[in-house]
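*Asks:* Mind looking at a prediction? Sequence and model below.
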Amino acid sequence: MSNVAVSIEPTAKPAFGSRQWRKALLRSGIIMRVASGALYQFMRLTHKAQRSTSQAPWPLVEPHLPAIIALWHGQHFLVPFMWPKGKPVDALISKNADAEINASILQRMGVRTIRGSGGRDAKQKLDRGGAKALLTLRRSLNEGRSVVMIADISHSTRRQAGEGIVMLARISGRPIIPVAYATSNRYVFTNSWDKATLNLPFGRRGFAVGEPVFVRPDDDLAEKQKQVTIAVNEVTRRAATDAGIKDNSPQ
(Lines give C-alpha, C1' and ligand atoms only; values in the text may rest on other atoms or scores of the structure.)
Protein backbone atom coordinates (compact mmCIF):
# COMPACT_ATOMS: atom_id res chain seq x y z
CA MET A 1 0.00 0.00 0.00
CA SER A 2 1.04 3.61 -0.42
CA ASN A 3 2.60 5.59 2.39
CA VAL A 4 1.51 9.22 2.81
CA ALA A 5 4.13 11.49 4.34
CA VAL A 6 3.32 14.92 5.77
CA SER A 7 6.19 17.35 5.43
CA ILE A 8 6.70 20.14 7.98
CA GLU A 9 9.57 22.56 7.66
CA PRO A 10 11.05 23.11 11.13
CA THR A 11 13.47 25.85 12.06
CA ALA A 12 16.17 23.22 12.43
CA LYS A 13 16.46 19.93 10.59
CA PRO A 14 15.69 17.03 12.95
CA ALA A 15 18.43 14.53 13.59
CA PHE A 16 16.00 11.64 13.17
CA GLY A 17 13.41 12.27 10.45
CA SER A 18 10.02 10.69 9.82
CA ARG A 19 11.43 8.22 7.30
CA GLN A 20 13.96 6.98 9.85
CA TRP A 21 11.20 6.63 12.45
CA ARG A 22 9.09 4.62 10.00
CA LYS A 23 11.99 2.32 9.19
CA ALA A 24 12.72 1.86 12.89
CA LEU A 25 9.08 0.91 13.54
CA LEU A 26 9.02 -1.50 10.61
CA ARG A 27 12.15 -3.20 11.92
CA SER A 28 10.58 -3.74 15.33
CA GLY A 29 9.81 -7.44 15.61
CA ILE A 30 6.84 -6.96 17.94
CA ILE A 31 5.25 -4.22 15.84
CA MET A 32 5.82 -6.23 12.69
CA ARG A 33 4.14 -9.33 14.09
CA VAL A 34 1.15 -7.40 15.45
CA ALA A 35 0.64 -5.30 12.31
CA SER A 36 1.10 -8.15 9.84
CA GLY A 37 -1.17 -10.42 11.89
CA ALA A 38 -3.93 -7.81 12.03
CA LEU A 39 -3.69 -7.03 8.33
CA TYR A 40 -3.65 -10.71 7.42
CA GLN A 41 -6.82 -11.36 9.42
CA PHE A 42 -8.52 -8.34 7.82
CA MET A 43 -7.58 -9.53 4.32
CA ARG A 44 -8.71 -13.07 5.12
CA LEU A 45 -12.07 -11.77 6.37
CA THR A 46 -12.39 -9.54 3.32
CA HIS A 47 -11.84 -12.47 0.98
CA LYS A 48 -14.23 -14.79 2.79
CA ALA A 49 -16.94 -12.11 3.01
CA GLN A 50 -17.23 -11.70 -0.78
CA ARG A 51 -20.10 -13.01 -2.88
CA SER A 52 -19.05 -14.83 -6.01
CA THR A 53 -20.92 -16.52 -8.85
CA SER A 54 -17.92 -18.13 -10.49
CA GLN A 55 -14.98 -20.31 -9.55
CA ALA A 56 -11.33 -19.66 -10.34
CA PRO A 57 -10.49 -21.36 -13.66
CA TRP A 58 -7.38 -23.08 -12.30
CA PRO A 59 -8.02 -26.40 -14.11
CA LEU A 60 -7.28 -24.56 -17.36
CA VAL A 61 -4.10 -23.09 -15.91
CA GLU A 62 -2.62 -26.06 -14.07
CA PRO A 63 -1.20 -27.71 -17.22
CA HIS A 64 0.99 -24.60 -17.64
CA LEU A 65 2.35 -24.62 -14.08
CA PRO A 66 4.88 -23.72 -12.86
CA ALA A 67 4.26 -20.30 -14.34
CA ILE A 68 4.96 -16.61 -13.84
CA ILE A 69 1.85 -14.98 -12.39
CA ALA A 70 1.54 -11.37 -13.58
CA LEU A 71 -0.30 -8.77 -11.50
CA TRP A 72 -0.52 -4.98 -11.38
CA HIS A 73 0.77 -2.88 -8.49
CA GLY A 74 -1.93 -2.12 -5.95
CA GLN A 75 -4.37 -4.73 -7.31
CA HIS A 76 -2.76 -7.88 -5.94
CA PHE A 77 -3.50 -8.03 -2.23
CA LEU A 78 -6.10 -10.82 -2.15
CA VAL A 79 -4.85 -12.96 -5.04
CA PRO A 80 -2.97 -15.47 -2.81
CA PHE A 81 -6.28 -16.54 -1.26
CA MET A 82 -7.37 -17.79 -4.70
CA TRP A 83 -4.22 -19.82 -5.37
CA PRO A 84 -4.88 -23.56 -5.78
CA LYS A 85 -3.97 -25.58 -2.72
CA GLY A 86 -0.94 -27.78 -2.93
CA LYS A 87 0.72 -25.75 -5.69
CA PRO A 88 3.94 -24.15 -4.35
CA VAL A 89 4.39 -20.48 -5.14
CA ASP A 90 7.01 -17.79 -4.48
CA ALA A 91 6.64 -14.02 -4.69
CA LEU A 92 9.17 -11.31 -5.51
CA ILE A 93 9.15 -8.58 -2.85
CA SER A 94 11.20 -5.40 -2.77
CA LYS A 95 14.21 -5.28 -0.45
CA ASN A 96 13.30 -1.91 1.09
CA ALA A 97 12.10 -1.57 4.67
CA ASP A 98 8.57 -0.59 3.65
CA ALA A 99 8.07 -4.02 2.03
CA GLU A 100 8.83 -5.95 5.23
CA ILE A 101 5.19 -6.03 6.27
CA ASN A 102 4.14 -7.28 2.82
CA ALA A 103 6.65 -10.11 3.09
CA SER A 104 5.38 -11.03 6.55
CA ILE A 105 1.75 -11.15 5.35
CA LEU A 106 2.63 -13.30 2.35
CA GLN A 107 4.45 -15.75 4.57
CA ARG A 108 1.28 -16.07 6.66
CA MET A 109 -0.56 -16.87 3.43
CA GLY A 110 1.86 -19.71 2.72
CA VAL A 111 3.76 -17.86 0.01
CA ARG A 112 7.56 -18.05 0.08
CA THR A 113 9.16 -14.66 -0.55
CA ILE A 114 12.17 -13.69 -2.63
CA ARG A 115 13.68 -10.30 -1.89
CA GLY A 116 14.87 -8.18 -4.78
CA SER A 117 13.79 -5.85 -7.56
CA GLY A 118 13.25 -7.46 -10.93
CA GLY A 119 10.98 -5.06 -12.76
CA ARG A 120 13.49 -3.14 -14.83
CA ASP A 121 16.36 -4.09 -17.08
CA ALA A 122 18.56 -6.41 -15.01
CA LYS A 123 21.69 -4.56 -16.22
CA GLN A 124 20.42 -1.41 -14.52
CA LYS A 125 19.53 -3.17 -11.29
CA LEU A 126 22.67 -5.09 -10.34
CA ASP A 127 23.26 -2.89 -7.31
CA ARG A 128 19.75 -3.56 -6.00
CA GLY A 129 19.70 -7.28 -6.57
CA GLY A 130 17.65 -7.30 -9.77
CA ALA A 131 19.79 -9.78 -11.70
CA LYS A 132 20.16 -11.99 -8.64
CA ALA A 133 16.39 -11.89 -8.07
CA LEU A 134 15.69 -13.01 -11.64
CA LEU A 135 18.12 -15.91 -11.30
CA THR A 136 16.51 -16.89 -7.99
CA LEU A 137 13.07 -16.76 -9.58
CA ARG A 138 14.29 -18.93 -12.44
CA ARG A 139 15.61 -21.42 -9.91
CA SER A 140 12.17 -21.52 -8.24
CA LEU A 141 10.53 -22.22 -11.60
CA ASN A 142 13.06 -24.97 -12.33
CA GLU A 143 12.15 -26.51 -8.97
CA GLY A 144 8.48 -26.63 -9.98
CA ARG A 145 7.40 -23.57 -7.99
CA SER A 146 5.31 -20.87 -9.66
CA VAL A 147 6.38 -17.27 -9.04
CA VAL A 148 4.38 -14.07 -8.65
CA MET A 149 5.68 -10.83 -10.11
CA ILE A 150 4.20 -7.35 -10.18
CA ALA A 151 4.40 -6.61 -13.88
CA ASP A 152 4.64 -2.82 -13.75
CA ILE A 153 7.57 -0.93 -12.23
CA SER A 154 7.22 0.89 -8.93
CA HIS A 155 6.88 4.66 -9.31
CA SER A 156 7.14 4.43 -13.08
CA THR A 157 4.34 4.23 -15.66
CA ARG A 158 1.57 2.27 -13.99
CA ARG A 159 -0.09 -0.63 -15.71
CA GLN A 160 2.64 -1.02 -18.29
CA ALA A 161 4.67 -4.20 -18.07
CA GLY A 162 8.38 -3.78 -17.42
CA GLU A 163 11.18 -5.75 -19.01
CA GLY A 164 11.94 -7.89 -15.98
CA ILE A 165 8.89 -10.14 -16.22
CA VAL A 166 9.38 -10.91 -19.93
CA MET A 167 13.11 -11.42 -19.37
CA LEU A 168 12.28 -14.02 -16.72
CA ALA A 169 9.92 -15.77 -19.14
CA ARG A 170 12.67 -15.81 -21.76
CA ILE A 171 15.41 -17.24 -19.54
CA SER A 172 13.14 -19.76 -17.82
CA GLY A 173 11.02 -20.91 -20.74
CA ARG A 174 7.93 -20.71 -18.51
CA PRO A 175 4.75 -18.83 -19.51
CA ILE A 176 3.40 -15.59 -18.06
CA ILE A 177 -0.19 -15.93 -16.83
CA PRO A 178 -2.12 -12.67 -16.22
CA VAL A 179 -4.33 -12.67 -13.12
CA ALA A 180 -6.67 -10.10 -11.53
CA TYR A 181 -8.90 -9.94 -8.45
CA ALA A 182 -11.50 -7.20 -7.91
CA THR A 183 -14.18 -6.47 -5.33
CA SER A 184 -17.22 -4.25 -5.70
CA ASN A 185 -16.70 -2.85 -2.21
CA ARG A 186 -13.36 -1.09 -2.29
CA TYR A 187 -11.46 2.11 -1.67
CA VAL A 188 -9.15 3.49 -4.34
CA PHE A 189 -6.17 5.58 -3.21
CA THR A 190 -6.47 8.10 -6.02
CA ASN A 191 -3.43 10.07 -4.86
CA SER A 192 -1.10 7.09 -5.03
CA TRP A 193 0.99 6.59 -8.16
CA ASP A 194 -0.49 3.12 -8.78
CA LYS A 195 -4.09 3.95 -7.74
CA ALA A 196 -3.87 1.11 -5.22
CA THR A 197 -7.14 -0.54 -4.24
CA LEU A 198 -8.05 -1.49 -0.68
CA ASN A 199 -10.50 -4.37 -0.96
CA LEU A 200 -13.28 -4.18 1.63
CA PRO A 201 -15.59 -6.92 3.00
CA PHE A 202 -19.20 -7.68 2.13
CA GLY A 203 -19.09 -7.06 -1.60
CA ARG A 204 -18.96 -9.11 -4.77
CA ARG A 205 -15.77 -10.74 -6.02
CA GLY A 206 -14.45 -10.96 -9.55
CA PHE A 207 -11.46 -13.12 -10.41
CA ALA A 208 -9.98 -13.56 -13.88
CA VAL A 209 -7.12 -15.54 -15.39
CA GLY A 210 -5.86 -14.97 -18.93
CA GLU A 211 -4.23 -17.07 -21.59
CA PRO A 212 -0.51 -17.82 -21.07
CA VAL A 213 2.03 -15.60 -22.79
CA PHE A 214 5.19 -17.38 -23.92
CA VAL A 215 8.48 -15.59 -24.65
CA ARG A 216 10.83 -17.39 -27.05
CA PRO A 217 14.57 -16.65 -27.10
CA ASP A 218 14.30 -14.72 -30.35
CA ASP A 219 11.18 -12.70 -29.43
CA ASP A 220 11.37 -8.91 -29.25
CA LEU A 221 11.09 -8.02 -25.55
CA ALA A 222 9.45 -4.65 -26.18
CA GLU A 223 6.68 -6.33 -28.19
CA LYS A 224 6.23 -8.92 -25.47
CA GLN A 225 5.96 -6.16 -22.87
CA LYS A 226 3.09 -4.69 -24.90
CA GLN A 227 1.45 -8.11 -25.12
CA VAL A 228 1.69 -8.64 -21.37
CA THR A 229 0.35 -5.12 -20.74
CA ILE A 230 -2.70 -5.80 -22.91
CA ALA A 231 -3.26 -9.21 -21.30
CA VAL A 232 -3.11 -8.00 -17.69
CA ASN A 233 -5.32 -4.99 -18.47
CA GLU A 234 -7.84 -7.35 -20.08
CA VAL A 235 -8.11 -9.64 -17.04
CA THR A 236 -8.30 -6.56 -14.82
CA ARG A 237 -11.35 -5.37 -16.79
CA ARG A 238 -12.91 -8.84 -16.72
CA ALA A 239 -12.46 -9.18 -12.96
CA ALA A 240 -14.02 -5.75 -12.42
CA THR A 241 -16.98 -6.66 -14.63
CA ASP A 242 -17.51 -9.94 -12.77
CA ALA A 243 -17.44 -8.01 -9.49
CA GLY A 244 -20.21 -5.76 -10.75
CA ILE A 245 -18.09 -2.64 -11.01
CA LYS A 246 -19.80 -0.40 -13.56
CA ASP A 247 -16.73 1.68 -14.38
CA ASN A 248 -14.30 -1.16 -15.04
CA SER A 249 -11.67 0.87 -16.84
CA PRO A 250 -8.25 0.97 -15.15
CA GLN A 251 -8.32 3.47 -12.29
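*Replies:* Sure, I can see it. Numbering: from 1, shown residues only.

*Asks:* Report the rounded mean pLDDT for the top helix by length along the chain.
*Replies:* If you go by DSSP state H, the chain has its longest helix at helix 221-242. For helix 221-242, mean pLDDT rounds to 96.

*Asks:* contacts for that helix?
*Replies:* With C-beta atoms under 8 Å, 6 or more residues apart in numbering as the test, helix 221-242 has contacts from 53-54, 70-72, 75, 151, 159-163, 165-167, 169-170, 176, 178-182, 204-211, 213, 215, 248-250. Every residue, glycine included, has its C-beta placed from N, CA and C.

*Asks:* By neighbour count, sort out the buried ones in those residues.
*Replies:* By neighbour count, with 16 or more other C-beta atoms under 10 Å, those hold 70-72, 75, 151, 159-163, 165-167, 169-170, 176, 178-182, 204-210, 213, 215, 248 as buried.

*Asks:* pLDDT at residue 112, what is it?
*Replies:* The model's pLDDT for residue 112 equals 93.

*Asks:* Likewise for the one 5 residues further on?
*Replies:* The score at residue 117 is 66. That number is its pLDDT.

*Asks:* The one 10 residues further on too?
*Replies:* Each residue has a pLDDT score; the one for residue 127 is 44.

*Asks:* try residue 7
*Replies:* So, for residue 7, pLDDT stands at 36.

*Asks:* now residue 58
*Replies:* At residue 58, pLDDT is 79.

*Asks:* surely it meets residue 207?
*Replies:* No: look at residue 58 against residue 207 with C-beta atoms under 8 Å: they stay out of range, at 10.1 Å.

*Asks:* before we move on, the earlier item: quick one: which of the buried ones among the contacts of helix 221-242 sit in strands?
*Replies:* 70-71, 176, 178-182, 205-209 (DSSP state E).

*Asks:* where does the protein dip in pLDDT?
*Replies:* Along the chain, segments meeting pLDDT under 70 span 1-29, 54, 97-98, 117-129, 247-251.

*Asks:* switch the cut-off to 80
*Replies:* 1-32, 53-58, 94-99, 116-130, 154-156, 246-251 (pLDDT under 80).

*Asks:* hey, where'd the strands end up in it?
*Replies:* All strands of the chain, identified by DSSP E, fall at 68-71, 89-93, 112-115, 146-150, 176-183, 186-188, 197-199, 205-209.

*Asks:* between those, which one is nearest to residue 42?
*Replies:* When these are compared by C-beta to C-beta, strand 197-199 sits nearest residue 42, at 9.6 Å.

*Asks:* Off-centre distance for that closest one?
*Replies:* 13 Å (C-alpha atoms, centre = their mean, to the nearest Å).

*Asks:* can you list contacts of that strand?
*Replies:* With contact meaning C-beta under 8 Å, 6+ apart, strand 197-199 is reached by 1, 43, 46-47, 74-75, 77-78, 181-183, 185-189, 251.

*Asks:* show me where the stretch 51-200 of the chain has helices.
*Replies:* Taking DSSP state H, counting those that start in this stretch as the criterion, the stretch 51-200 of the chain carries its helices at 58-61, 100-108, 130-142, 163-172.
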